[in-house]
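**Q** Provided below for reference: sequence and predicted model.
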Amino acid sequence: MASITVPAREEHHPNLRPLSILRDLPAVADLIEQCFASTMDSDGKRYVQDMRRAGADNSFLKWANRVAESTSLPLTGYIWEDANRIVGNVSLVPFKQNKHRLYLIANVATHPDYRRRGIARALTVRAMQHAHEKNVHDLWLHVRADNPEAIHLYETLGFTERARRTAWQATTDSSLQNVETDIAITNRHPRFWSTQLNWLSRLYPAEMAWHINWNFSTLKPGLLNWLYLMFIDMNVRQWAATRKDTLLATLSWIPTGRGESLFAATGERSDPEALTALLLQARRDLRPFYPTISLEFPTSDHDDAIRAAGFKPLRTLIWMQATS
């Protein structure tokens, strides 16, 4: 875990000021869309739309102005303004994990016409100082793996890589053909649960669950859990890949109102072909629910297996952490 030294407090540039929830959200949404549109998934597009709607909702703005430092929404941050035009942004999103406070530094964006002027660095440094002033000393951010300049910037500020994860997406298709293999695809049997949970815990670590709610309790076998899922009308789907009754991999679909609900679990010795077969099965079975489905998975030697199932990579993000 990296240890950072927060830059000394200094007179801030006159173009740098705190985000104003009451007037800046629409312009910040435009900037974020302009900078990241080519790699946005459905969640990212929804995020920008929500920001625009929030900027036009007076009741929301009054509420947000009161709770900016206590809710896990991007309501706190700083912007860089030039001639009354917002050309740079950084967001600070507060989270809690077991009463431990942390900040996610997000939406570090600079208008293309203003890049390579030190704006992103100045905004990030100010965000780090803000966290320090609030007595929060655990900072996270994520950056695209194909952005070496940004990676270098964050490394010079004391951040180190903690995880590298790729977002994948594919269309669903009920007419897909089975692959020729000796791997059997079945419904997940309860006897596989302990192994499945162990694999999921390694691939979706608890230390990052504060940002994406990886709650796998809905996958647990048993009558009580089945009755609970029936009560809340949640149609969880689970598949297992086996060879001669030996578990190779599992795949779960937890509906959340979005298509991004696939969770794959593999062991260190799992055959990559098992993951391909599972993902093809999901593309067939989930056609009635969503036209597209997505998977987030650690970047690994299973990447080719995911591609073989017809999934395309949207982006690879490096998760970085620093403490002070």
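**A** In hand now; what should we look at?

**Q** strands of the stretch 101-250 of the chain, start to end?
**A** For the stretch 101-250 of the chain, strands defined by DSSP state E, counting those that start in this stretch occupy the ranges 138-144, 160-171, 184-187, 237-243, 246-253.

**Q** now the angle between strand 246-253 and the very next helix or strand once past the last one, please.
**A** Same thing as strand 246-253. Using DSSP states H and E, the helix or strand that follows strand 246-253 towards the C-terminus is strand 262-266. The directions of strand 262-266 and strand 246-253 differ by 160 degrees, with axes from the mean of the first three to the mean of the last three CA atoms, to 10 degrees as the criterion.

**Q** which positions within the following helix or strand past strand 262-266 qualify as buried?
**A** Going down the chain from strand 262-266, the next helix or strand is helix 272-285, by DSSP H and E. Neighbour counts over helix 272-285 (16 or more other CB atoms under 10 Å) mark 272, 273, 274, 275, 276, 277, 278, 279, 280, 281, 282, 283 as buried. In this view, the C-beta of every residue, glycine as well, is placed from N, C-alpha and C.

**Q** what's the per-residue pLDDT of the residue lying farthest from the centre of the chain here?
**A** Centroid-distance maximum for the chain: residue 244 at 35.8 Å, with CA atoms, centre = their mean. Looking at residue 244, its pLDDT reads 91.

**Q** related to what we said a few turns ago, now render the buried residues of helix 272-285 as TSV, adding pLDDT and distance to residue 310.
**A** Putting those into TSV (pLDDT from 0 to 100; distance: CB to CB, whole Å) gives the following:
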residue	pLDDT	distance to residue 310
272	95	15
273	96	14
274	97	16
275	97	12
276	96	9
277	96	12
278	97	12
279	97	8
280	96	7
281	95	12
282	95	11
283	96	6
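
**Q** tell me how the chain divides into domains.
**A** Using automatic domain parsing, the domain ranges for the chain come out as 16-158, 167-316.

**Q** worst mean pLDDT among those?
**A** domain 16-158 (a mean of 83).

**Q** surely residue 48 meets residue 32?
**A** Yes. Judged on CB atoms under 8 Å, residue 48 makes contact with residue 32 at a distance of 6.0 Å.

**Q** compare those two (neighbour count), which wins?
**A** Between residue 48 and residue 32, residue 32 has the larger neighbour count (other CB atoms under 10 Å), namely 22 against 18.

**Q** only alpha carbons, please: show the helix or strand containing that one as PDB.
**A** Taking DSSP H and E as the definition, residue 32 sits inside helix 25-36. Extracted as PDB, the C-alpha positions of helix 25-36 are listed here (Å, rounded to 0.1, in the frame of the first residue of the first chain):
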ATOM      1  CA  LEU A  25     -23.500  20.100 -13.100                       C
ATOM      2  CA  PRO A  26     -24.700  20.500 -16.700                       C
ATOM      3  CA  ALA A  27     -21.400  22.000 -17.900                       C
ATOM      4  CA  VAL A  28     -19.400  19.300 -16.100                       C
ATOM      5  CA  ALA A  29     -21.600  16.600 -17.700                       C
ATOM      6  CA  ASP A  30     -20.800  18.100 -21.100                       C
ATOM      7  CA  LEU A  31     -17.100  18.000 -20.300                       C
ATOM      8  CA  ILE A  32     -17.100  14.400 -19.100                       C
ATOM      9  CA  GLU A  33     -19.100  13.300 -22.100                       C
ATOM     10  CA  GLN A  34     -16.700  15.000 -24.500                       C
ATOM     11  CA  CYS A  35     -13.600  13.500 -22.800                       C
ATOM     12  CA  PHE A  36     -14.900   9.900 -22.300                       C
END
